[in-house]
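Trainee: got a sequence here, can you build the structure:
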Amino acid sequence: KSDLPALFEEKLKYVKSRPDPRFCTSSNDENDHAYCYPLLPSFYFTISSMSPSGLKFVSQYLEDNPIHTKDRNQMKKLLQDVTIIIKHTSKYRRAHLSFLIESIQKYYPGMQILVGDDTPFVESHMPFPSSENVRRLSLLQNSGISYGRNKLVEAATTKYVLLLDDDNFFWEDTSIESFYEILEKDPEIHLVGGTYIDVVGKRSRLGYIKYVSFKNPYSYALDLQIDSRNWLNMVYTEKEIGDYGKNCRRTNSTHNFFMARKETLLKVPWRSKLKMNEHEFFFLDLGMRHRYGIVECPQVTVLHNMFPRSLTYSSSSSRYTEFCRAFKMLCREYNSFRGFRTPWVQADCEEQTACVLLGASNRKEMADENGPWSRATRCTSFLSPSCDL
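Mentor: Reported below is the predicted structural model:
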């Protein structure tokens, strides 16, 4: 299963997270433990079902030096022209954010990082600290992802920004140079994104790692289709890699891992009222309304930390209750359509309901009307108080 020395691997089974005084004090509760006490990064994924990706990550991350040997001129341009922006979503994801920043500094030392933080200040959870090349932007409490991202774009002083979620982290294949090169060469392209590799796992109640597994890379490149009911469907693309350049393709959507022109994001900002489901609205505004070119490069991947979410985190975040509000707004503003469907949500504008779906992992599943994924798991009327705009 592993090429790590057996004794070394055996010792790692007992590696436990250590308290980080930047995040929590000793007064944390049970839910806080796994989310405020980051595991030692060099051991983070060594206890795993050693997939090729997992083994690759472990072997490279145990190296002391940055992995990439970059062209100095290219690196200088990246440092001058790109700011990484991260909207921090909850105090329960401080450990995720800490590891993300460490991974960025490993592969792109010196790159400017802006962290937008709208989490309420409480004594046991200190604000995320600023440091060299890392600046914390204090935001209105619970102002949400969209508002926070817009403020981060405004605060950036470079011509490009690289957007990340706070539960991403870099590895060897997070090579953002290709994003930069496309934006530099083609003025018709305004946003270039990559793909996710989910990393799932489980810890014991005492904080020990039980297992970790790396999933296959997956895309969120979507095409737009209008069906016979006049519904706008966002479906997984059929475009092959190579549709744009050698390793990329045109699309209407990517993951929240992309590089974009700052001036474009100032012209087409996220809808500040939306704390959830901002994704569909943002890409419809960008690609359909403004016709800005979007490209996905699937070979550029970022790791996505999918360790089980804290129940306290989920219940404390108003984002999880606002999918209906977003699609009600979508029906109003894109009112030439009778409904919308994405891999995760469908909204019937005539019936005035929005439903969360089980989710489709690919185009074939999404096209199967009788497939189990298409059964709605939760529907909300636009007339519900929780759906008020």
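Trainee: for Leu40, report the pLDDT, please.
Mentor: Leu40 carries a pLDDT value of 42.
Trainee: same check, this time on Asn362
Mentor: 60.
Trainee: pLDDT averaged over stretch 220-236 - what is it?
Mentor: 93.
Trainee: show me which residues of that stretch are buried.
Mentor: 220-224, 231-236 (16 or more other Cβ atoms under 10 Å). The C-beta positions use only the backbone N, C-alpha and C, and glycine is treated the same way.
Trainee: nearest to Gly110 among the residues you listed?
Mentor: Each of the buried residues of stretch 220-236 was scored against Gly110 by Cβ to Cβ, and Tyr220 proved nearest at 29.6 Å.
Trainee: what's near enough to touch the closest residue in space to the closest one that isn't next to it in sequence?
Mentor: Distances taken as Cβ to Cβ, 6 or more residues apart in numbering place His255 nearest to Tyr220, at 4.6 Å, with adjacent residues excluded. Counting by Cβ atoms under 8 Å, 6 or more residues apart in numbering, His255 touches 193-196, 219-220, 302.
Trainee: closest one of the residues you listed to Pro385?
Mentor: Tyr220 (31.2 Å).
Trainee: who touches the closest one in this structure?
Mentor: 195-196, 253-255.
Trainee: farthest-apart pair in these, please.
Mentor: Tyr196 and Ser253 (13.0 Å).
Trainee: which one of the two has more residues nearby?
Mentor: Neighbour count, other Cβ atoms under 10 Å: between Tyr196 and Ser253, Ser253 has more, with 26 against 21.
Trainee: all the strands of the stretch 251-389 of the chain, residue numbers only.
Mentor: 258-261, 293-305, 339-341, 345-348, 353-357, 376-381 (DSSP state E, counting those that start in this stretch).
Trainee: give me the mean pLDDT for the third one.
Mentor: The average pLDDT for strand 339-341 rounds to 94.
Trainee: against Arg325, how distant is His93?
Mentor: Not quite, residue 93 is Arg, not His. According to Cβ to Cβ, to the nearest Å, Arg93 and Arg325 sit 23 Å apart.
Trainee: which non-adjacent residue is nearest Arg338?
Mentor: Using Cβ to Cβ, 6+ apart, the nearest residue to Arg338 is Asn230, at 4.7 Å.
Trainee: which residues does Glu351 contact?
Mentor: By Cβ under 8 Å, 6+ apart, Glu351 has no neighbours at all.
Trainee: isn't Val200 up against Met306?
Mentor: Yes - counting by Cβ atoms under 8 Å, Met306 is a contact partner of Val200 at 4.6 Å.
Trainee: show me where the protein has helices.
Mentor: 6-12, 30-36, 52-61, 72-81, 94-107, 145-155, 177-185, 262-267, 278-283, 311-316, 323-333, 363-367 (DSSP state H).
Trainee: mean pLDDT for these: which is lowest?
Mentor: Across those, helix 6-12 gives the lowest mean pLDDT, at a mean of 43.
Trainee: for the residue lying closest to Gly110 once chain neighbours are set aside, what are its contacts?
Mentor: Once flanking residues are discounted, Gly110 sits nearest to Leu79: 5.4 Å by Cβ to Cβ, 6+ apart. For Leu79, the contacting residues are 108, 110-112, by Cβ under 8 Å, 6+ apart.
Trainee: among those residues, which ones are buried?
Mentor: In those, the ones that pass as buried (16+ other Cβ under 10 Å) are 108, 111-112.
Trainee: okay, the residues you listed in a markdown table with pLDDT and distance to Cys248 next?
Mentor: Shown next, in a markdown table, are these (pLDDT from 0 to 100; distance: Cβ to Cβ, whole Å):
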| residue | pLDDT | distance to Cys248 |
| --- | --- | --- |
| Tyr108 | 90 | 21 |
| Met111 | 93 | 22 |
| Gln112 | 95 | 25 |
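Trainee: adding distance to Met329, write the residues you listed out as a markdown table.
Mentor: Listed next are these as a markdown table, based on distance: Cβ to Cβ, whole Å:
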| residue | distance to Met329 |
| --- | --- |
| Tyr108 | 36 |
| Met111 | 35 |
| Gln112 | 33 |
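Trainee: which of those fall in strands?
Mentor: Gln112 (DSSP state E).
Trainee: you'd agree Cys324 is up against Thr380?
Mentor: Yes - counting by Cβ under 8 Å, Cys324 does reach Thr380; the two are 4.0 Å apart.
Trainee: between these two, which one's more packed in?
Mentor: Counted by other Cβ under 10 Å, Cys324 and Thr380 do not tie: Cys324 has more neighbours, with 26 against 21.
Trainee: how near is Arg250 to Ser336?
Mentor: 23 Å.
Trainee: repeat that for Glu181.
Mentor: Counting by Cβ to Cβ, the gap from Glu181 to Ser336 is 37 Å.
Trainee: and if you look at Asn168?
Mentor: On the measure of Cβ to Cβ, Asn168 and Ser336 end up 35 Å apart.
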